[in-house]
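Student: based on what follows, work out the 3D shape:
(one chain, ligands or ions: 2)
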Amino acid sequence: MPLYCSSLRTQVPCVPKHTVRYFNKFLSPNYVGFKGFSLFFCVPQSERQHKVAHPIVSLSKFDRNYSSSASASASSIMADQKRMDFVSSMESKYSKELDVAVRVVQMACFLCQKVQESLISKSSSQVQSKDDNSPVTIADWSVQATVSWLLSESFGSQNVSIVAEEDVLSLSKADAAGLLKAVVNTVNDCLAEAPQFGLQGPEMALGTSEVLEAISRCNSNGGPAGRFWALDPVDGTLGFVRGDQYAVALALIEDGEPVIGVLGCPNYPMRKEWLSYQHRYHRIISKLTPPTSESWDKGCVMYAWKGSGEAWMQPLIQGNKKLVWPNSARPVQVSSIENPELATFCEPVEKSNSSHSFTAGLAHSVGLRKQPLRVYSMVKYTTIARGDAEVFMKFARAGYKEKIWDHAAGVVIIQEAGGVVTDAGGRPLDFSKGIYLEGLDRGIVACAGAKLHEKIIRAVDASWDSSSL
Ligand SMILES: Nc1ncnc2c1ncn2[C@@H]1O[C@H](COP(=O)(O)O)[C@@H](OP(=O)(O)O)[C@H]1O
Ligand SMILES: [Mg+2]
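Tutor: Numbering: from 1, shown residues only. Ligands and ions are numbered 1, 2, ... in the order given. Next up is the predicted model:
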């Protein structure tokens, strides 16, 4: 793989020196036109799939234009300057949060992988049912405790407010002593590995009360003002217990808007065609031909911060390797396919979560010809952001209220990867009204591009009244 490590080091006004950036697209390997800071790796556009990145932040679309527009007018340079100042200020505002969030999600994925292995190889006795009959496992509580503890340690508990899916009610019941013990052990086993992820674990193993405290500290109700984290410790628990796709979703929401999105997808296959296979089949094949330590077979953490114009994907930490930033991160981008005939749409596996018959009708009317790709969890957002599918549609039954933690991280990532996410009325999702996406119009439509999006929104309008939703 031709990789250019540039040692160009010159100064550019208005960009903080600490900001190390990855130059994307516009740079040729021998590029010298932009009086840049430390250029790390510059790879030609044709090598896009092999690009290796990057520090915590990246060049926005603006920056790319800026650098290539030698003939820009004075006024546009001033506008560019403003925009660049804005990007730089946002970078310094969120860089620590993004760094910590990605490391924390890496750790959560590590935890989930271990629990999923043991769930599959043993029995399903570790799977509990919640009041709404959805499954919950040791992993859900353990990830919530681990993320909550690590965020509090990193930013100070007084500065951390978290909205998350799980509570401690069923864990605290008298007959749940075994379950609670397993959660405490799982959390401590995971936190013991914190240095591998560049984070600091506790000096001594956490006790039961500390673990329960970390879980129940995630009791924020969100809202329109201030900062809070939205966490879905294991999104797609059904996929998780079935050995299939699931995600760890962490978003930072500020004044009602998601500003950082991080999605850990431990089973996300690097070969897109594997998404349509039964995961069990993939597991068998992986066992027969195990990936080498160098090959990136499956599992990633995808992340973005609002306004950067970039979304990134890094592999999960394997074995005893240490997470060294940027951990071979690569930029991801939505697909450029606009023709519905060539587009793939994805939707929930469970028809109780989204009407398959309604989306089939929509697909037909807009000319989507391919079989739907049914995927558990927010991995569907990953699929769009990475360009492995072009459309994601979800139409829940009437009365179901979507929760913010099921969407916040994915929305930032798709938008920064170049895609569009709205409700079925074409409006942005509203994360400012508490734990639910209040006012959501009918369903959720995420697309790689505006043209496909528009077609689907129009088709929803045309067929809604005759639907049974
Ligand atoms: N009846 C329902 N309608 C729509 N979504 C539902 C639902 N019941 C559960 N969900 C949500 O769908 C998620 C699973 O998504 P998917 O269907 O895309 O795999 C669940 O998250 P958890 O698995 O975190 O509980 C849950 O939030
Ligand atoms: Mg969920």
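
Student: ok, longest helix in this structure?
Tutor: Secondary structure assigned by DSSP state H gives helix 74-121 as the longest helix of the chain.

Student: ok, the helix or strand just after that one near ligand 1 or not?
Tutor: Going down the chain from helix 74-121, the next helix or strand is strand 128-129, by DSSP states H and E. No. If you take C-beta under 6 Å from any ligand atom as the test, strand 128-129 misses ligand 1, and the best it gets is 11.4 Å. Just so you know, the C-beta spots here come from the backbone N, C-alpha and C atoms, and that holds for glycine as well.

Student: returning to what we had before: gap between the longest helix of the chain and the chain center?
Tutor: Centroid separation between helix 74-121 and its chain, computed with C-alpha atoms, centre = their mean, to the nearest Å, is 9 Å.

Student: which other helices and strands does that helix contact?
Tutor: helix 61-68, helix 138-155, helix 177-191, strand 227-235, helix 237-241, strand 247-254, strand 257-269, strand 298-305 (3 or more C-beta pairs under 8 Å, 6 or more residues apart in numbering; DSSP states H and E).

Student: can you rerun that using 7 Å?
Tutor: Using 3 or more C-beta pairs under 7 Å, 6 or more residues apart in numbering; DSSP states H and E, the elements in contact with helix 74-121 are helix 61-68, helix 138-155, helix 177-191, strand 247-254, strand 257-269, strand 298-305.

Student: which one, of these, ends up nearest to ligand 2?
Tutor: Comparing the helices and strands packed on helix 74-121 against ligand 2 with C-beta to the ion, the closest turns out to be strand 247-254 (7.2 Å).

Student: list the buried residues of that closest one.
Tutor: 247-254 (16 or more other C-beta atoms under 10 Å).

Student: and ligand 1, which of those residues reach it?
Tutor: Among the buried residues of strand 247-254, ligand 1 is touched by none when using C-beta under 6 Å from any ligand atom.

Student: now pLDDT and distance to ligand 2 too, for those, in TSV please.
Tutor: What follows is those, written out as TSV (pLDDT from 0 to 100; distance: C-beta to the ion, whole Å):
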residue	pLDDT	distance to ligand 2
247	98	8
248	98	10
249	98	7
250	98	12
251	98	12
252	98	17
253	98	16
254	98	21
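
Student: which strand residues bridge the closest residue to ligand 2 within the chain?
Tutor: At 3.7 Å from ligand 2, residue 235 is the closest residue in the chain, using C-beta to the ion. On the basis of DSSP bridges, residue 235 is bridged to residue 247.

Student: when you give positions from now on, start the count at 3
Tutor: Fine by me, first position is 3 from now on; the one you just mentioned is residue 237.

Student: do you know how far it is from residue 379?
Tutor: Distance, residue 237 to residue 379, by C-beta to C-beta, to the nearest Å: 4 Å.

Student: where do the contact lists of these two overlap?
Tutor: Among the neighbours of residue 237, those also in contact with residue 379 (C-beta atoms under 7 Å, 6 or more residues apart in numbering) are 248-249.

Student: show me where pLDDT drops low in the chain?
Tutor: Applying pLDDT under 70 to the chain flags residues 3-74, 85, 88-89, 91, 124-128, 133-137, 279-298.

Student: so the residue most central in space within it bridges to which residues?
Tutor: Closest to where the C-alpha atoms of the chain average out (C-alpha atoms, centre = their mean) is residue 265, at 2.3 Å. On the basis of DSSP bridges, residue 265 takes part in beta bridges with residue 251, residue 304.

Student: how near is it to residue 431?
Tutor: Noted for residue 265: a distance of 16 Å to residue 431, by C-beta to C-beta.

Student: which parts of the stretch 303-452 of the chain sit against ligand 1?
Tutor: 350-352, 354-355, 378-379, 398, 402, 405, 408.

Student: follow-up on the earlier one: residues touching the residue nearest to the centre of the chain, list them.
Tutor: Counting by C-beta under 7 Å, 6+ apart, residue 265 makes contact with 249, 251, 304, 380, 383-384, 411-412, 415.

Student: which residue, other than its chain neighbours, is closest to residue 381?
Tutor: Spatial nearest neighbour of residue 381, chain neighbours left out: residue 247 (4.4 Å); criterion: C-beta to C-beta, 6 or more residues apart in numbering.

Student: ok, the one you found touching residue 382?
Tutor: No. With contact defined as C-beta atoms under 7 Å, residue 247 does not count as touching residue 382 (8.8 Å).

Student: just the element for residue 394, please.
Tutor: Following DSSP H and E, one finds residue 394 within strand 393-396.

Student: so how far is residue 250 from the residue of the chain closest to ligand 2?
Tutor: 7 Å.

Student: between residue 247 and residue 382, which has more neighbouring residues?
Tutor: residue 382 (30 against 27; other C-beta atoms under 10 Å).

Student: so is the helix or strand containing that one next to ligand 2?
Tutor: Here residue 382, judged by DSSP H and E, is contained in helix 381-387. No. Using C-beta under 5 Å from the ion, helix 381-387 stays clear of ligand 2, coming no nearer than 11.3 Å.

Student: could you grab the helix/strand/coil label for the closest residue in space to residue 324 that isn't next to it in sequence?
Tutor: Distance criterion C-beta to C-beta, 6+ apart; nearest residue to residue 324, sequence neighbours excluded, is residue 198 at 5.5 Å. In three-state terms, and counting by DSSP: H, G, I helix; E, B strand; the rest coil, residue 198 is helix.

Student: what comes up buried for stretch 265-273?
Tutor: So for stretch 265-273, counting by 16+ other C-beta under 10 Å, buried means 265-271.

Student: ditto for stretch 202-218
Tutor: 203, 208, 212-218.

Student: circling back to that earlier point, in a markdown table: the buried residues of strand 249-256, plus distance to residue 362.
Tutor: A markdown table is the format used below for the buried residues of strand 249-256 (distance: C-beta to C-beta, whole Å):
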| residue | distance to residue 362 |
| --- | --- |
| 249 | 25 |
| 250 | 30 |
| 251 | 27 |
| 252 | 33 |
| 253 | 31 |
| 254 | 36 |
| 255 | 34 |
| 256 | 38 |
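
Student: out of these, who's nearest residue 422?
Tutor: residue 253 (17.9 Å; C-beta to C-beta).

Student: could I get the contacting residues of that closest one?
Tutor: Residues near residue 253 by C-beta under 7 Å, 6+ apart: 231-232, 260, 262-263, 410-411, 414.

Student: now the closest residue to residue 259 other than its chain neighbours, what's its secondary structure?
Tutor: Counting by C-beta to C-beta, 6+ apart, residue 259 lies nearest to residue 433, which is 6.4 Å off, once chain neighbours are set aside. Secondary structure state of residue 433, per three-state DSSP, is coil.
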